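>>> pasting the structure only:
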């Protein structure tokens, strides 16, 4: 039997929020303690030769043939690899309830999902949440009064080992920047009125551009006559991402649903004006170093953007960014998880 097994299966989607969470959790926990990891075989190259790895297989989704451990950390609420057993201490990390919020009109789906989570809670010894917002949302749907629970923030996910590099596409001039998995909940089209109203600006959208929503973004830009100033550039390397943060005029995250909002911290690292929605976790994570839109009305967005940029003071903003970033550390997060493993 192994002491600690951590489910990092989502590393297979490395550039997603869960992929980055898994990557940085592994980097910091492996530097402090010995653990074993459940992973998809495609992620094996991300680990050390000294690590003990278990590869996922379809039967494990039925609860069969999971490796045995004294402590099992299920690193997201929707993991298919969960030990429905009381033979070990089980820690479950909750990132969001987006599954419910995106299916509010599909009662049967929501009820089925809630039963799925409730079953997991019966075998959970400790719950962790990545934000206060996520915890409050979770408590609206589930009774966790008898389960030990903690809020453990994520840290800064930037990999600064690569030199900043301009992405390989043609554009010049000032640009706004956003990065995410391109899904409807990201609400990226809300930024389009600003591009319409400011003909000197371009919008760079990084992230998987093979989704249905990415196609919608392309079509909507054509309809608005701004397709020559809206660029969906697909996934980017760490060096390209750093370049985009470093050189953008401002960063935008207008999501309707977020459990945390990692890019907000990344943009703050580069001391950029950060414009966010006032939804879910974003105000909590952005703190005083983010400007929240109270509505997506085009005039109010334009007025807030214009007034902010006209009065923007780089040195004052940098101090706010540093103060906010000090609240988030992967090293501290890893230490808190390790305490729970004991």
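In hand now; what should we look at? In this text the structure is predicted, and so the values were computed from the model without any measurement.
>>> in the stretch 151-300 of the chain, which spans are helices?
Counting by DSSP state H, counting those that start in this stretch, the stretch 151-300 of the chain has helices at residues 192-197, 212-224, 238-247, 262-269, 282-286, 298-310.
>>> which of those helices sits most buried?
helix 262-269 (a mean of 25; mean count of other Cβ atoms under 10 Å). (Each C-beta comes from the backbone N, C-alpha and C, glycine too.)
>>> So which elements touch it?
helix 17-30, strand 175-179, helix 238-247, strand 250-253, strand 274-277, helix 282-286, helix 314-325 (3 or more Cβ pairs under 8 Å, 6 or more residues apart in numbering; DSSP states H and E).
>>> change it to 6 Å
Counting contacts by 3 or more Cβ pairs under 6 Å, 6 or more residues apart in numbering; DSSP states H and E, helix 262-269 packs against strand 250-253, strand 274-277.
>>> Kindly confirm my reading that residue 84 forms part of a helix.
No. Residue 84: not assigned to a helix; according to DSSP: H, G, I helix; E, B strand; the rest coil it is coil.
>>> In this structure it contacts residue 63, no?
Yes. Assessed by Cβ atoms under 6 Å, residue 84 is found in contact with residue 63 at 5.2 Å.
>>> what's the overlap in contacts for those two?
The contact sets of residue 84 and residue 63 do not overlap (Cβ atoms under 6 Å, 6 or more residues apart in numbering).
>>> returning to what we had before: please produce CSV containing the helices of the stretch 151-300 of the chain, extended by mean pLDDT and distance to residue 89.
What follows is those, written out as CSV (pLDDT from 0 to 100; distance: least, Cβ to Cβ, whole Å):
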stretch, mean pLDDT, distance to residue 89
helix 192-197, 96, 48
helix 212-224, 97, 39
helix 238-247, 96, 35
helix 262-269, 96, 28
helix 282-286, 97, 29
helix 298-310, 96, 47
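>>> Out of those, which is closest to residue 333?
Across the helices of the stretch 151-300 of the chain, residue 333 has its closest neighbour in helix 262-269 (12.3 Å, Cβ to Cβ).
>>> so how far is the closest one from its chain's centroid?
Computed by Cα atoms, centre = their mean, to the nearest Å, the chain-centroid distance of helix 262-269 equals 11 Å.
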